[in-house]
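Chemist: below is the sequence, then the predicted model.
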Amino acid sequence: MAQQPARKELAAKKTAAAIKIDGLIDEAAWMEVAPATDFVEWRPNAGVLENAGNKTVVYLLYDNTSIYIGGYCYERTKDSVSRELIGRDKVGVNDFVGVIFDTYNDKINGFGFYVTPYGEQYDAKYSSTSGEDDSWNGVWDSEAKMHENGWSFEMRIPYSALRFVSSNNQTWGLNITRRRNKTGQQYMWNPVDPKVNGFVNQEGLWTGIEKIVAPLRLSFSPYFSTYVNHYPNKTAGIKDVTSSVNGGMDVKYGITDAFTLDMTLIPDFGQVQSDNQVLNVSPFEVKYNENRAFFTEGTELFNKGDLFYSRRIGSTPIHYWDVNGQLNANESLLKNPSESKLINATKISGRTKKGLGIGVFNAITKTMYAEVEDNEKHKREIETGPLTNYNILVFDQTLKNNSSVSFINTNVLRSGKDYDANVSAALFDFNNKKNTYNWNGKFSVSHITSPGAKGSTGYSHRVGLGKTGGRFNFNLTQEIADEKYDINDMGILFNNNYIDHYLWAGYRWLKPGKWYNRVNLNYNAGVSSLYQKFNNQVITSKFQRFNTNVNADVQLKNLWFVGAFAGYVPVANDFYEPRMEGRSFKSPSKLQLEAWFETNSAKKYYFGADYFVGLRNQFNSKNHEIRAWHRYRFGDKLSVSQNFYFNPFSNDAGFYFPKDAAGNRIIINDIVFTRRNRTTIENILSVKYNFNNKSGITFRARHYWSKVEQKDLYDLQMNGDLSPSVHAGAVSLFDINQNYFNIDAVYTWQFAPGSFVNIVWKNSITGYDDAVQYSYFKNFSNTVSGTQNNNLSLKVIYFLDYLNIRKWKSKS
């Protein structure tokens, strides 16, 4: 591989001038510093110098409190600039300029600040081991202005938004990027070679930064919120309309130059986007996205080792489902909260001068109770969840060649007689000197303790070797988890007891050709076996499954993307679908084909589609999946988009809970399956309107419909085959018709840096029956006419920086 070119250098210039952040480069101070110029294309045609007619000029200044960035992005005409108002932390179709600082110059970590032609902001943290974390939010200023021959911008980044060491003379890593979306081009000030592994490690240098001091980083974000909720309970003594008033605070404190404490006190997450709920007929739980900002922002250290699933915090109390079994004959259930109440949560994270990253996370949920009442109106409480403490401790030592070693421990402590859980893992990630090969691994131990009972200890490891530089890459991985390994109290693991091997190989055409900009060709193969046979396992084999596929994706010259996939899965042993340890279902072989495309997203109308088909030899089963998405921009302020998913799955075979004619579950001697037709349709409509770069409205409506038509009943044989059931007379078949409908309408106004007013309306409808015969529109009509929960809320968040408070006091 060719030697990396010398890093570009830009001399730092300190200023005493007052810079007004208005997007206009009209202060004399800008002309006193040498600009960053001669940007080099990163993609699609890496290494090509930018055209003089579209040149980029960026200036950097600093003073005792902030860094100032100003610049001009030249275009031949104003119409060449791709722009829309889309809101903070979104890019959309916008051109942008971004500045990435590696404040420790360690080639491992970075802070990115981006601005669009309308002055909207996007920011992110970067790590060579964790990639981009766009959930991180800093508080900084930006503005931009449109001109006939391009656009200009200004940014002010206070030192409180960064982490660095106070020193008389510093050199930081620096890169500046610009995207021209209509041409699909992105440029870098310091060239970035796409064949080289890593991004922050290919930065230039900002030299001669003199006598800057990391400020006291202390800020408060108190909030006030109020909610009104309407749900027609149709139950005497229970109000249909309820309301609440809440208050709390987020605190951010810089313990040292490098370490920050984040705390949320009496948090309120009632305005987060509704979950995309689904009908789950699998033996495993559904993993939902995390929409709570505190658990997504600045969590890159805590996500190492894949041991942390933040939705565990505040989830369903562990004894929620046990309440009905504790009711007396004359008692009825009044309320049983389905979510644990979070009292507070704290994060401490940072990295020392010698590259040691340290992270501490702690959260506490309160004791939860169900309330029951007897016939004489006497009430009592049943504990459903104990007082629980969730804790994570992380050490991450960076090494030369973008390598690292890490240790992470997660711990869940419950009060009373409930069990506790602990998981520890050691990780390594080593690159060779040329950054072309990688060796990585994880060794993990879990331990569960229950008062008065013997503990359970499990083990897992993953080791991998791969080539990461150049056009041809590969990765070979082994992963093992024994039958006692369990991380599910603070993480998520769908099943343990496996030994898996994976192979991935890929080849990239990175230099544009006659008809394409870039091409990726990939091959995947994986084989899975049981680590240890189950107790009472019937079949002798440990083999679970083998899969192999090849896929390719291409960016065409017109900026369209196209791709295709072909895969094969031979007959497998499914040890989980039967829902009984030791039994297995002989899953049929599968031939899988897929193709997709999407048009140029910079156009006013953007469209994409994906078609997948899976063919199984059992029951002549066919699984079709059709996805389509499109968006139309009516202007810079308004856009409408729709995502559509259609999944008709005929003659699927799956486990069935046996029921009698009245719908009650019954116990029989056999495991029964059904041949069934499954159909799922999901429709998501989104509307976005922005008044300006500080306020806007978003509207999102989602309807999910999934139905299961049970056809025939089968008994699972000892060898994993299915045969017509002998219980057809005793077991009745019930269809499933599940609907979820949600609306999330949000008005946001950023009235000051870091300060927001949010007004949210949420509508929720859940419908469940066995009426699978209805058409889509009849079913939709029945759903929206069902019982609805409506919630209207107002939340005000005000950002207070201690340094600004001190200034106010000094002036008064």
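Modeler: Sure thing, it's come through. Numbering: from 1, shown residues only.
Chemist: now for the helix or strand encompassing Trp42, which elements pack on it?
Modeler: Using DSSP states H and E, Trp42 maps to strand 40-43. Packed against strand 40-43 by the contact rule (3 or more CB pairs under 8 Å, 6 or more residues apart in numbering; DSSP states H and E) you find strand 185-188. Where C-beta positions appear, they are placed from N, C-alpha and C, glycine not excepted.
Chemist: neighbouring contacts of the strand it packs on?
Modeler: With contact meaning CB atoms under 8 Å, 6 or more residues apart in numbering, strand 185-188 is reached by 39-45, 50, 56, 175-180.
Chemist: returning to what we had before: contact partners of the strand holding Trp42?
Modeler: 46-50, 177, 184-189, 191-192, 194, 517-518.
Chemist: after it, which helix or strand is next?
Modeler: As assigned by DSSP H and E, the chain's next helix or strand after strand 40-43 is strand 56-62.
Chemist: mind checking how far that following strand is from the chain centre?
Modeler: Offset of strand 56-62 from its chain centre (CA atoms, centre = their mean, to the nearest Å): 33 Å.
Chemist: and if you look at stretch 321-328?
Modeler: Using CA atoms, centre = their mean, the mean C-alpha position of stretch 321-328 is found 36 Å from that of the whole chain.
Chemist: quick check: buried residues in that stretch?
Modeler: Val323 (16 or more other CB atoms under 10 Å).
Chemist: start and end of it, how far apart?
Modeler: In stretch 321-328, first residue to last residue: 16 Å (CA to CA, to the nearest Å).
Chemist: hmm, who's touching that stretch?
Modeler: With contact meaning CB under 8 Å, 6+ apart, stretch 321-328 is reached by 333, 336, 370, 372, 374, 382, 384.
Chemist: stretch 772-787 now?
Modeler: Residues from elsewhere that reach stretch 772-787 (CB under 8 Å, 6+ apart): 231-232, 681, 703, 705, 707-709, 735-737, 739, 741, 765, 767, 771.
Chemist: whichever of these end up buried, select them in ChimeraX.
Modeler: Selection of buried members from these for ChimeraX, criterion 16+ other CB under 10 Å:
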select :231,681,703,705,707,708,709,735,736,737,739,741,765,767
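Chemist: can you give me the helices for the protein?
Modeler: Along the chain, the stretches classed as helices by DSSP state H are 776-784, 802-811.
Chemist: out of those helices, deepest packed?
Modeler: helix 776-784 (a mean of 14; mean count of other CB atoms under 10 Å).
Chemist: for that helix, what is the average pLDDT?
Modeler: Helix 776-784 shows a mean pLDDT of 93.
Chemist: how far off centre is that helix?
Modeler: The answer for helix 776-784 is 31 Å, by CA atoms, centre = their mean.
Chemist: ok, now stretch 112-131?
Modeler: Averaging C-alpha positions (CA atoms, centre = their mean) puts stretch 112-131 16 Å from its chain's average.
Chemist: and what of stretch 794-806?
Modeler: Remark: stretch 794-806 is offset 28 Å from the chain centroid, using CA atoms, centre = their mean.
Chemist: could you do stretch 208-226 as well?
Modeler: For stretch 208-226, the distance to the chain centre is 26 Å (CA atoms, centre = their mean).
Chemist: got the CA coordinates for that stretch in CSV?
Modeler: The C-alpha atoms that make up stretch 208-226 are tabulated as CSV, following Å, rounded to 0.1, in the frame of the first residue of the first chain:
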residue,chain,number,x,y,z
GLY,A,208,0.4,27.0,17.2
ILE,A,209,-2.6,27.2,19.4
GLU,A,210,-1.3,29.4,22.3
LYS,A,211,-2.4,29.9,25.9
ILE,A,212,-6.0,28.6,25.8
VAL,A,213,-7.5,27.3,29.0
ALA,A,214,-10.3,24.8,29.3
PRO,A,215,-13.1,26.7,31.0
LEU,A,216,-15.3,25.6,33.8
ARG,A,217,-17.9,23.4,32.0
LEU,A,218,-21.0,23.7,34.1
SER,A,219,-24.5,23.9,32.6
PHE,A,220,-28.0,23.3,33.8
SER,A,221,-31.1,22.5,31.7
PRO,A,222,-34.1,22.7,33.9
TYR,A,223,-37.4,21.7,32.3
PHE,A,224,-41.1,22.2,33.0
SER,A,225,-43.7,19.9,31.4
THR,A,226,-47.4,19.4,31.6
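Chemist: what are the buried residues along that stretch?
Modeler: By neighbour count with 16+ other CB under 10 Å, stretch 208-226 contains the buried residues 209, 212, 214-215, 217-219, 221, 223, 225.
Chemist: ok, stretch 596-611 next?
Modeler: Under 16+ other CB under 10 Å, the buried positions of stretch 596-611 are 596-602, 606, 608, 610.
Chemist: quick check: the residue lying closest to Leu334 once chain neighbours are set aside vs Asn488, distance?
Modeler: Closest residue in space to Leu334, ignoring its immediate chain neighbours: Glu371 at 4.5 Å, by CB to CB, 6 or more residues apart in numbering. According to CB to CB, to the nearest Å, Glu371 and Asn488 sit 28 Å apart.
Chemist: center of the chain - which residue?
Modeler: Centroid check for the chain by CA atoms, centre = their mean gives Asn289 as the closest residue, at 6.0 Å.
Chemist: that one contacts Asp275, correct?
Modeler: Yes - the pair Asn289 / Asp275 is scored as a contact, 7.5 Å apart, by CB atoms under 8 Å.
Chemist: just to revisit the earlier point, in terms of neighbours, single out the busier of Glu371 and Asn488.
Modeler: Neighbour totals were compared for Glu371 and Asn488, and Asn488 leads with 17 against 14 (other CB atoms under 10 Å).
Chemist: I'd like to know how far that one sits from Val423.
Modeler: Plainly put, Asn488 is 10 Å away from Val423 if you go by CB to CB.
Chemist: can you check Asn280 too?
Modeler: Between Asn280 and Val423 the computed distance is 25 Å (CB to CB).
Chemist: okay, those two: which has more neighbours?
Modeler: Taking neighbours as other CB under 10 Å, Asn280 and Val423 compare with Val423 leading, 28 against 11.
Chemist: measure the more buried one to Val394 for me?
Modeler: Taking CB to CB, one finds Val423 at 12 Å from Val394.
Chemist: need the residues touching each of these two.
Modeler: Common neighbours of Val423 and Val394 (CB under 8 Å, 6+ apart) are Asn409.
Chemist: for the residue nearest to the centre of the chain, what are its contacts?
Modeler: If a contact means CB under 8 Å, 6+ apart, then Asn289 has 275-276 as its contacts.
Chemist: what's the spacing between Ala609 and Lys557?
Modeler: Separation of Ala609 from Lys557 (CB to CB) stands at 20 Å.
Chemist: Val196 now?
Modeler: Using CB to CB, we find Val196 at a distance of 25 Å from Lys557.
Chemist: more neighbours: which of those two?
Modeler: Val196 (18 against 13).
Chemist: wait, doesn't the more buried one sit right on Asn435?
Modeler: Yes - using CB under 8 Å, Val196 is in contact with Asn435, at 6.3 Å.
Chemist: overlap in contacts, these two.
Modeler: Any residue near both Val196 and Asn435 by CB under 8 Å, 6+ apart counts here, and that gives Gly469.
Chemist: beta partners of Val115?
Modeler: Note on Val115: beta-bridge partners by DSSP bridges are Val97, Gln121.
Chemist: counting neighbours, what do you get for Asp770?
Modeler: 15.
Chemist: distance of the residue lying closest to it once chain neighbours are set aside relative to Glu709?
Modeler: What sits nearest to Asp770 in space, not counting adjacent residues and going by CB to CB, 6+ apart, is Asp735, at 4.4 Å. Distance, Asp735 to Glu709, by CB to CB: 5 Å.
Chemist: pLDDT score assigned to Ala2?
Modeler: At Ala2, the model reports a pLDDT of 48.
Chemist: picking that back up, residues touching the residue nearest to Leu334, list them.
Modeler: By CB under 8 Å, 6+ apart, the contact list for Glu371 reads 333-336, 379-382.
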